[in-house]
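J.: sequence unavailable; structure follows:
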């Protein structure tokens, strides 16, 4: 596992699958700021709340000229169901590759819960500037109020 990139570093440009069968990568958003939020799993309470919060604030992000992208290891078909079930407006991508974006960022890592060790996503959000450099990182995100805090930081770019 590599060192985590820091503020000012270029964001890794690794392609991910989209629910519609296409691919997306961070450089597709070049020229405008981008929020990439990584979350553990579709349709779990915290992840659902986070995606709904970003969906509700999407018009505000658009007004600020900032794109949004939600990422988990869930397969594209699961993302499609999650989007439909909760009427999500934020595009989602599947980082299912063995050496995907979350691996490159060091946020797909060993976790422990109730004595069980497993691989999991550390809820992390990156704000990228228009040049694709990391402007701000939120590590081990707590969901409540997070999307609003990200919006405020994005407005300052």
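T.: All right, it came through fine. Keep in mind the model is a prediction, meaning the values are calculated, not measured.

J.: I'd guess residue 150 is in a helix, am I close?
T.: Yes. The assignment for residue 150 is a helix, going by DSSP: H, G, I helix; E, B strand; the rest coil.

J.: report how many residues lie close to it.
T.: Residue neighbour count, defined by other Cβ atoms under 10 Å, stands at 24 for residue 150. For every residue, glycine as well, the C-beta is placed using N, CA and C.

J.: mind listing what it touches?
T.: By Cβ atoms under 8 Å, 6 or more residues apart in numbering, the residues touching residue 150 are 35, 37, 54, 125, 127, 138.

J.: so how far is residue 3 from it?
T.: Distance from residue 150 to residue 3, counting by Cβ to Cβ, to the nearest Å: 23 Å.

J.: pretty sure residue 53 belongs to a strand, no?
T.: No. According to three-state DSSP, the state of residue 53 is helix, so it is not within a strand.

J.: list the contacts of it.
T.: Neighbouring residues of residue 53 by Cβ under 8 Å, 6+ apart: 143, 146-148.

J.: for stretch 73-86, which outside residues touch it?
T.: With Cβ under 8 Å, 6+ apart as the contact definition, stretch 73-86 has outside contacts at 17-21, 41-43, 48, 51-52, 55, 72, 88, 92-96, 100, 102, 108, 121.

J.: let's see 10 Å
T.: With contacts defined as Cβ atoms under 10 Å, 6 or more residues apart in numbering, stretch 73-86 is touched by 16-22, 38-44, 47-49, 51-52, 55, 70-72, 88-97, 100, 102-103, 108, 119-121.

J.: residue 138 reaches residue 149, doesn't it?
T.: Yes. Counting by Cβ atoms under 10 Å, residue 149 is a contact partner of residue 138 at 7.5 Å.

J.: hang on, the earlier thing: tell me which entries of the contacts of residue 150 lie within helices.
T.: Residues of those located in helices (DSSP state H): residue 54.

J.: grab the most central residue of the protein for me.
T.: A centroid search over the chain (Cα atoms, centre = their mean) returns residue 37, at 2.1 Å, as the residue closest to the centre.

J.: now do the contacts for that one.
T.: By Cβ under 10 Å, 6+ apart, the contact set of residue 37 is 47, 50-51, 53-54, 68-72, 90, 92, 123-127, 138, 141, 146-147, 150.

J.: all good on my end, thank you.
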